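[1] Quick one: sequence and predicted model below, then my questions.
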Amino acid sequence: MIDSADTPGGSWTSWTSVVVHGFPGLVEGQEVEFEWNQLDEPADGYDFHTAQAWPVGEDHTPPGPPGFRAWDIDPDGTVHEVTDLDITDLDDTIAPPIGTPAIGVVTTWNGEEGWGVINSADTPGGCWTFYSALHPDEVINARPGDSFSIGGGISALVVGEQVDFEWEPVIDQDGYKFRAIKVRPRRDIPPWRVERIGR
């Protein structure tokens, strides 16, 4: 959320609207410049949505689609970009394609931070997930730069519930080797309301 006199109550800011080269993107308390849209109806308690945000005085040319670059944080706090030259433990196997389907059970859910872990035989050690993996396909499969106002649906999983999910392998996601990119609980959920912003 970005707070300003022009956006009373704050402007909801998705990680996809942060146009910063490198990692981390923005930090709490940092002064930023941003472009915003006023929503027709409040979404997640906000009347405004951030289209782009960047630190004051920095270049704000979008860095390109997310997912093309990876970053690692050393124990001393140093941040560096990870390239294929840094990955030395590769074997001759072919990694599963992004979106490998599986069935699992939710073992952890942190509602305050919006993340959890799914246990499945296909993802030994657990599969990390974020609440955005619950969004409807239209939003998950959107192109970089697409913006949506989303309502209804769900924003949390329930520990112990069975889910269908799609996962991808990762080098490290908070200590996990797998990350869910789409999660569908088997319980009934309220319908989603999706409104495309812009374009």
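    Ah, there it is. Numbers count the residues shown, from 1 in each chain.
[2] Just want to check the distance between G9 and F48.
    7 Å (CB to CB, to the nearest Å). Where you see a C-beta, it was placed from the backbone N, CA and C, and this is true even at glycine.
[3] For the two, indicate the residue with more neighbours.
    A direct count of neighbours by other CB atoms under 10 Å for G9 and F48 places F48 higher, at 23 against 12.
[4] Now do the SS call for the more buried one.
    Following DSSP: H, G, I helix; E, B strand; the rest coil, F48 is assigned to strand.
[5] what pairs with it across the strands?
    S11, Q38 (DSSP bridges).
[6] From here on, call the first residue 43.
    Got it, first residue is 43 now, which makes that one F90.
[7] hang on, it packs against T49?
    Yes - F90 is within contact range of T49, at 4.2 Å (criterion: CB atoms under 8 Å).
[8] what do the two both touch?
    W78 (CB atoms under 8 Å, 6 or more residues apart in numbering).
[9] Okay, the residue nearest the centre of the chain and I192: tell me how far apart.
    In the chain, the centroid-proximal residue (CA atoms, centre = their mean) is S174; its distance is 5.6 Å. Note on S174: its distance to I192, by CB to CB, is 10 Å.
[10] again with A95
    18 Å.
[11] what about G195, distance to A85?
    12 Å.
[12] Settle it for me: which of the two has more neighbours?
    Set G195 next to A85 and count neighbours by other CB under 10 Å: A85 wins out with 18 against 15.
[13] Tell me where the chain has helices.
    Secondary structure of the chain (DSSP state H): helices located at 179-182.
[14] pLDDT below threshold where in it?
    57-58, 62-67, 102-140, 240-241 (pLDDT under 70).
[15] let's go with 50 and repeat that
    Within the chain, the ranges that satisfy pLDDT under 50 run 105-110, 132-139.
[16] wait, what's in contact with G156?
    Counting by CB under 8 Å, 6+ apart, G156 has contacts 172-174, 197-198.
[17] Put the buried members of those residues into a ChimeraX selection.
    Applying 16 or more other CB atoms under 10 Å to the contacts of G156 leaves a buried subset, and the ChimeraX line that selects it is:
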select :172,173,174
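[18] Going along the chain, name the strands of this protein.
    Ranges of strands in the chain, per DSSP state E, are 44-46, 49-54, 74-85, 88-97, 112-115, 121-124, 142-152, 157-161, 169-172, 189-194, 204-215, 218-227, 234-239.
[19] Thank you, goodbye.
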